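Asks: Got a predicted model here, sequence first, then my questions.
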Amino acid sequence: MMFPKALLLVGAAATQLCSAAANTLTALHQFPNGTSVENLAVRSNGAILVTLLYQAQVLEITPGDAATTTTPKLVHAFSNTTRLNGISELGPDTFAVSANHNTIYTLSLPPTGDAQVSKVVTIPAASFLNGLTTLNATAGTVLVADTTVGAIWRVDTATGAFAIALQHDSMAPPAVTNGTSTMALGVNGVRFDATNAYVYYTNTGRQLFCRVKVDPATGEAVGEYETVLQGLAGDDFAVVDGGDAAFVASSGNGGVVERVYLNGTTEVVAEGVAGATSAAFGRADGDQGVLGLLNSFGVFQTYYEDHLKDSSPSAISWIGSVQVFCLMSVSVFVGPLYDAGHCKALLVAGTFLVTLGFMMTSICKAYWQILLAQGICMGLGTCCLQIPSIAVVPKYFVKRRARAMALATVGSSLGATIYPLLFQNLQPRIGFGWTVRIMGFICFALCSFSVAVIRPRQMGPKKSFSPRRFIDPTALKERTFVIYTIAIFFSNVAYFEPIFYLQSYALAHGMRNQNLVNYLLSILNASSIPGRIVPSFVADWIGSLRCYIMISALSGASILYWISVTNTAGNVAFSVLYGFFSGGVVSLAPVVLTHITPDLGLLGTRLGMVSVLKGIGSLIGPPISGALLKATGNYLGLQLFAGLSLIVTAFFSLYLYYIIHR
């Protein structure tokens, strides 16, 4: 009975940093789930500096041999900064960095000691500073592309003076039509070829690669704007010394790098580089002919960004939100169907829909297709599987109900532990599409087993199904049920925040071992397995509600402990603690519901009612935390928000205990 849930959590994968020599790609490092690696610069010693878009960090990767996976070193984590984009060398080990849409910093790397960071200027009129290139290293001037304004700014890093150097229709973003909420991208990557005094630039939204002759002192145009190539949605790129050709990274066609010649002809030099965003030539001995590439993908989110070029990251994130909302909210319809005796039909429908969702996701190309396949189809299928897998258990177990239900839910933690590892090993070998299909085949096989073995036990007369029975009106009149749902709501408001921000927080707070960071989520989910089982034994001994009060309070306390974490041991310890305690919160919640439900024949209906509030909590919690992070520039606000939300859960659970036992 645990198998359906074990298969419905699709693990996330990591982004990769690759290098290519000729047509050979060699993986240098695999980043953890959710990492968006944006741009790169190569130091004189051959080390690669990369900017992490949303974590606002600069990492250093030292390439090794082809058989060695390197571990990045954190160079600097920018405080009060929500994103980093472009990076370019000003002088020996001194770099300019664009951040926060409108701000320029300098980053200096001394031979010993920490990196030195200075804010140069914030440009009020700038909207989305992106690619960056050095115009005159001696004078300290740089050019930086403003993607949404459609211009290139000149910035003097010594004085902070700035002005628009270049602005042309070929830099402007495409017009947004039909009221879509997509982010229109104009000029993106920019490079200055000092040999011939040309500025090269890409326009991602309009699929242009262009150049213009400029004054080397001011960066202002002295020649005509030329379109070298149309039809390539390029991002950043590297220009061959002398300007004979450029190597342009593009996320189109599954991720490619194309050599673009000045006559407009092209040659694909690397394929299958999902999410390719940047390129630069090596500088160490033997590396000058090696092109370093960044490809940024976190399984579904970044895969969609690669293939849905007209959809913004915000729009894409709604795919996952819709899936969660379908899982939770549609339970209000699935619950009564289960109570009416349609358990087998729900399991069959759920198996079909989830498997279909996996298969369709692997071949989708358009935003609406992804939304239907993963957001709606898989969300509905998961809901059809979730309610029967939980509601069938308590009718068979009374004395040891808590541990039985814990075992029924432990599969989700097991799946969340295994799937990331599965993806990390399969995706580099067989690609995203076949990796997702294999997950679908596994899901179909094990869910089919569950269809064969799950048998609902009838207790009392079967409930007739009626559209008016989607809710149990008597539950809304019971104070115990209302207080329980409030407690569950706050627990789901808090639940996902540590999972979403665990790895980025670790990188910014003392965890230097990137390989270990990759496994933090697996450590958390693995800890959740005993976290779901051990408290259930305690619950059968002291009572499920008492245990739920304690485990909720401890889960909240573990997040408050997270605030103090500043090293590797602390990050690992938090992963273990929160994984264990949050596992108990998840597994004991439905057990408590069975004890305050007088008629278990209505358990499915009540589970559906509770799931609606769980879905709302899960939808609003992460956006609130993200807003707190953006507003403050640090993690304290979201940590307090999540930790105190679970403390509120414990408080309402304690109040529920008082009402029942007074």
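Replies: Looks like it arrived, so ask away.
Asks: Now do the same for residue 482: helix, strand or coil?
Replies: helix (DSSP: H, G, I helix; E, B strand; the rest coil).
Asks: Could you measure from it over to residue 475?
Replies: Using CB to CB, to the nearest Å, we find residue 482 at a distance of 8 Å from residue 475. For every residue, glycine as well, the C-beta is placed using N, CA and C.
Asks: between those two, who's got more neighbours?
Replies: Per other CB atoms under 10 Å, whichever of residue 482 and residue 475 has more neighbours is residue 475, with 20 against 13.
Asks: Now for the more buried one: which residues touch it?
Replies: Residue 475 is in contact with 481, 602, 606, 609, counting by CB atoms under 8 Å, 6 or more residues apart in numbering.
Asks: Sketch out the low-pLDDT regions of the stretch 201-350 of the chain for me.
Replies: Filtered on pLDDT under 70, the stretch 201-350 of the chain yields the residue ranges 241-243, 251-256, 269-318, 320-321.
Asks: can you give me the strands for it?
Replies: Along the stretch 201-350 of the chain, counting by DSSP state E, counting those that start in this stretch, strands occupy 208-214, 221-230, 234-239, 245-250, 256-261, 266-271, 276-281, 291-295.
Asks: can I get those in CSV with mean neighbour count?
Replies: Shown next, in CSV, are the strands of the stretch 201-350 of the chain (neighbours: other CB atoms under 10 Å):
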stretch, mean neighbour count
strand 208-214, 22
strand 221-230, 14
strand 234-239, 27
strand 245-250, 25
strand 256-261, 21
strand 266-271, 16
strand 276-281, 26
strand 291-295, 25
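Asks: can you list those in a markdown table and add distance to residue 553?
Replies: Output for the strands of the stretch 201-350 of the chain, formatted as a markdown table (distance: least, CB to CB, whole Å):
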| stretch | distance to residue 553 |
| --- | --- |
| strand 208-214 | 58 |
| strand 221-230 | 61 |
| strand 234-239 | 47 |
| strand 245-250 | 49 |
| strand 256-261 | 52 |
| strand 266-271 | 53 |
| strand 276-281 | 44 |
| strand 291-295 | 43 |
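Asks: doesn't residue 212 make contact with residue 224?
Replies: Yes. Between residue 224 and residue 212 there is a contact at 7.2 Å, judged by CB atoms under 8 Å.
Asks: burial count for residue 138?
Replies: 7.
Asks: Please apply the same query to residue 505.
Replies: Neighbour tally, residue 505, other CB under 10 Å: 23.
Asks: Please renumber the chain so that the first residue is 174 from this point on.
Replies: Yep, numbering from 174; the last one is residue 678 now.
Asks: Skipping its backbone neighbours, what lies nearest it in space?
Replies: Once flanking residues are discounted, residue 678 sits nearest to residue 808: 5.4 Å by CB to CB, 6 or more residues apart in numbering.
Asks: measure the one you found to residue 250 for me?
Replies: Taking CB to CB, one finds residue 808 at 11 Å from residue 250.
Asks: who touches both of the two?
Replies: Here residue 808 and residue 250 share the contacting residues residue 681, scored by CB under 8 Å, 6+ apart.
Asks: Am I right that residue 286 is in a strand?
Replies: No. When three-state DSSP is applied, residue 286 is found to be coil, with no strand at that position.
Asks: Name the nearest residue to residue 546, ignoring sequence neighbours.
Replies: Spatial nearest neighbour of residue 546, chain neighbours left out: residue 533 (3.7 Å); criterion: CB to CB, 6+ apart.
Asks: which residues does the one you found contact?
Replies: 542, 545, 546, 550.
Asks: where in the stretch 524-673 of the chain is pLDDT low?
Replies: Confidence mapping of the stretch 524-673 of the chain against pLDDT under 70 gives the ranges 563-564, 566-590, 592-594, 596-597, 600-601, 605, 628-643.
Asks: That one: helices as residue ranges?
Replies: Here the stretch 524-673 of the chain has its helices, by DSSP state H, counting those that start in this stretch, at 540-543, 552-564, 574-626, 646-649, 652-668, 670-681.
Asks: related to what we said a few turns ago, shared neighbours of residue 397 and residue 385, which are they?
Replies: Counting by CB under 8 Å, 6+ apart, residue 397 and residue 385 have no contacts in common.
Asks: quick one: which of the helices of the stretch 524-673 of the chain is nearest residue 435?
Replies: Nearest to residue 435 among the helices of the stretch 524-673 of the chain is helix 574-626 (33.2 Å), distances taken as CB to CB.
Asks: which of the helices of the stretch 524-673 of the chain sits most buried?
Replies: By mean neighbour count, with neighbours taken as mean count of other CB atoms under 10 Å, helix 552-564 ranks first of those at a mean of 27.
Asks: Are we agreed that residue 283 is in a helix?
Replies: No. Under three-state DSSP, residue 283 falls outside any helix and is assigned coil.
Asks: That one reaches residue 289, doesn't it?
Replies: Yes. If you go by CB under 8 Å, residue 283 and residue 289 touch, sitting 6.7 Å apart.
Asks: returning to what we had before: most neighbours out of the contacts of residue 533, which is it?
Replies: In terms of neighbour count, residue 550 stands highest of the contacts of residue 533 at 23 neighbours, by other CB under 10 Å.
Asks: how much space between it and residue 367?
Replies: Counting by CB to CB - residue 550 and residue 367 are separated by 53 Å.
Asks: what's near enough to touch residue 737?
Replies: Residues near residue 737 by CB under 8 Å, 6+ apart: residue 743.
Asks: mind running it again at 7 Å?
Replies: Neighbouring residues of residue 737 by CB atoms under 7 Å, 6 or more residues apart in numbering: there are none.
Asks: tell me the secondary structure for it?
Replies: Here residue 737 is coil, with the state taken from three-state DSSP.
Asks: quick one, phi psi at it?
Replies: Dihedral pair for residue 737: phi -90, psi 0, per degrees, to the nearest 10.
Asks: Next one: it, what pLDDT does it get?
Replies: Predicted confidence (pLDDT) for residue 737: 91.
Asks: how close does it get to residue 814?
Replies: Residue 737 is 17 Å from residue 814, by CB to CB.
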